[in-house]
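> Give me a model of this one.
(one chain, ligands or ions: 1)
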Amino acid sequence: MQIYIGSDHGGYEMKNSLKDYLVSKGNDVTDLGCFSTDSIDYPDIAREVAEKVTENPGSRGVLICGTGIGMQIAANKIPGIRATVATDEHMAEMSRKHNDANVITLGGRTTEMEMAKKIVDKFLSTDFENEERHVRRVEKMMNMKNGEK
Ligand code: RB5
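Next up, the predicted model:
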């Protein structure tokens, strides 16, 4: 699978470890930074990864900051993105089954590396449950625009 991965300084070490892990499992992984522990702004990386995911249908994004929260909020600003923070495998599984998430976000300072691997494995291996009610709900989300009733 084509995966775009990125982090800020708070997720830098986890991003590098996850990249190696995902490559070892045969994925095509593109690392969009950051490339050092120097402090940077997570929205910049969230935008880069999110834009790549929307430009390449079928690809997925993995974003890591200190908590996963800022990356989730920022990535969801890009049209077509459904980004969700996950702290366990169940959240990752449901994000795919019910929400058709295309980006997962993780906390480099809040989640252990072994759990992060399990979360990403679940995110990448779970299909969207293509049932009418889930399709309808996802469509409603994607049609929402700021301020529109
Ligand atoms: C950076 O210190 C930290 O705020 C960031 O990594 C992230 O946790 C934001 O949500």
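> From Leu106, how far off is Asn130?
26 Å (Cβ to Cβ, to the nearest Å). C-beta coordinates here come from the backbone N, C-alpha and C atoms, glycine included.
> the more surrounded of those two?
In this view Asn130 and Leu106 are compared by other Cβ atoms under 10 Å, and Leu106 has more residues nearby, 29 against 9.
> which ones are touching that one?
Shown in contact with Leu106 (Cβ atoms under 8 Å, 6 or more residues apart in numbering): Gly11, Met14, Leu18, Val62, Leu63, Ile64, Gly68, Val85, Ala86, Ala116, Ile119, Val120.
> tell me which element it is part of?
strand 103-107 (DSSP states H and E).
> for this structure, which spans come out with low pLDDT?
In the predicted model of the chain, residues 149 satisfy pLDDT under 70.
> mind listing the strands for it?
2-7, 28-31, 60-65, 83-85, 103-107 (DSSP state E).
> who wins for proximity to the ligand among these?
strand 60-65 (3.4 Å; Cβ to the nearest ligand atom).
> neighbours around Met14, how many?
Neighbours around Met14, by other Cβ under 10 Å: 22.
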